[in-house]
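> Following is a predicted model, sequence given first.
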Amino acid sequence: MELTESLLNLGLNEKEASVYLALLGLERATAYTIGIRSKLKNATAYVVLDNLVSKGFALKIPQADKHYFIAKSPRECIAIAQEKLSATKEMLPELLAIQKKADEKVSVAYFEGFEGIKKMYDQLIAKMQKKPLPERSFIAFYAHQKHTPNFLQEYWLQLNDDYAKNNIKRTAITTLHPSIKNYLAAETKKKLKMDLRTLIEKDYSSNISLEVYDNFTQIISHRYLQGILIENPDIADVMQQIFKLVWKTTNQQK
């Protein structure tokens, strides 16, 4: 790496780097002398030298007839740069918090096939695992299993075990249909850490599952093995509100 490039990395611009190198080779110098060495006009050299003083790379020594400039030691300059970097690192959490507020992420991802659906649930579980135990929960609208392939039904059983193992709780609404009767027993719901209520099939009959956690809303088609994962706080919030409204209507249909 060239000397000039190294100085650029310390926060100097090209003129400042050139003047600092010229000043470094002298015990002390005036703006006029530095201007000649750096091929700068006298006024420009003076401005650049003042910049070096303000950045901590040089000292200005007033004399009766003129001002002299002395370059600070490269070790001292690097130490100053490191100190500034350390101070900035201490502010990193605050800076990231500002970025998060200013740049709310919204995105949509599409998944297809059994492997795609598994990836969606892998992310859900990974997000839950990062939370404290009391916060590991989400809401869901679950489908009947009339058109759910056998291999997907087997995967749900594995997923239920993963939820229980990681203390992930679910509050869910599903269709009252014979295909989900194994999930309705009180003992099963307790084992699965799931508060599950039903709606009669004529009012709610679904071939898709919809789950909401954090800012994510995921929609999964059992029949066609397709999934959509939406990261959008507004959509997640509205889905939470809709769920609460529907949940109230299921009080007598546990």
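Nice, thanks for sending it over.

> which residues does K191 contact?
If a contact means C-beta atoms under 8 Å, 6 or more residues apart in numbering, then K191 has A164 as its contacts. Where C-beta positions appear, they are placed from N, C-alpha and C, glycine not excepted.

> Going forward, the N-terminal residue is numbered 647.
From this message on, residue numbering opens at 647, which makes the last subject K837.

> Distance check, it against D883.
In this view, K837 and D883 are 31 Å apart by C-beta to C-beta, to the nearest Å.

> swap in T676?
The spacing between T676 and D883, counted by C-beta to C-beta, is 66 Å.

> So which of those two has more stuff around it?
For the pair T676 and D883, the greater number of neighbours falls to T676 (19 against 13), based on other C-beta atoms under 10 Å.

> distance of the closest residue to that one other than its chain neighbours from A733?
With C-beta to C-beta, 6 or more residues apart in numbering as the measure, K712 is the residue that lies nearest to T676, at 5.4 Å, once sequence neighbours are left out. Going from K712 to A733 by C-beta to C-beta gives 35 Å.

> what about the helix or strand where V884 lies, distance to the chain center?
Element membership for V884 (DSSP states H and E) is helix 879-895. Here the centre of mass of C-alpha atoms in helix 879-895, compared against the chain's by C-alpha atoms, centre = their mean, to the nearest Å, lies 25 Å away.

> Equivalent analysis for stretch 859-875, please.
Average the C-alpha atoms of stretch 859-875, do the same for its chain, and the two points are 21 Å apart (C-alpha atoms, centre = their mean).

> got the end-to-end distance for that stretch?
Using C-alpha to C-alpha, to the nearest Å, one end of stretch 859-875 lies 11 Å from the other.

> Now do the buried residues in that stretch.
859, 861-868, 871-875 (16 or more other C-beta atoms under 10 Å).

> what's the closest of those to V752?
Using C-beta to C-beta, the shortest approach to V752 within the buried residues of stretch 859-875 belongs to N861, at 8.4 Å.

> Now that closest one. Nearest residue, chain neighbours left out?
Taking C-beta to C-beta, 6+ apart, and ignoring the residues beside it in sequence, N861 has P879 as its nearest neighbour in space, at 4.4 Å.

> still on that earlier bit, tally of neighbours for the residue nearest to T676?
10.

> G671 now?
Considering only other C-beta under 10 Å, G671 is surrounded by 9 other residues.

> Return the residues in contact with it.
Remark: with contacts taken as C-beta under 8 Å, 6+ apart, G671 is in contact with nothing.

> try the one 4 residues further on
Applying C-beta under 8 Å, 6+ apart, one finds that A675 lies in contact with 668-669, 683, 714-715.

> ok so K792 is a strand residue?
No - residue state for K792 (DSSP: H, G, I helix; E, B strand; the rest coil) corresponds to coil; a strand is not indicated.

> so it sits right up against I826, yeah?
No - checked against C-beta atoms under 8 Å, the pair K792 and I826 is beyond contact range at 9.5 Å.

> Of these two, which one has the most company?
It is I826, of K792 and I826, that has more neighbours when counted by other C-beta under 10 Å, with 18 against 15.
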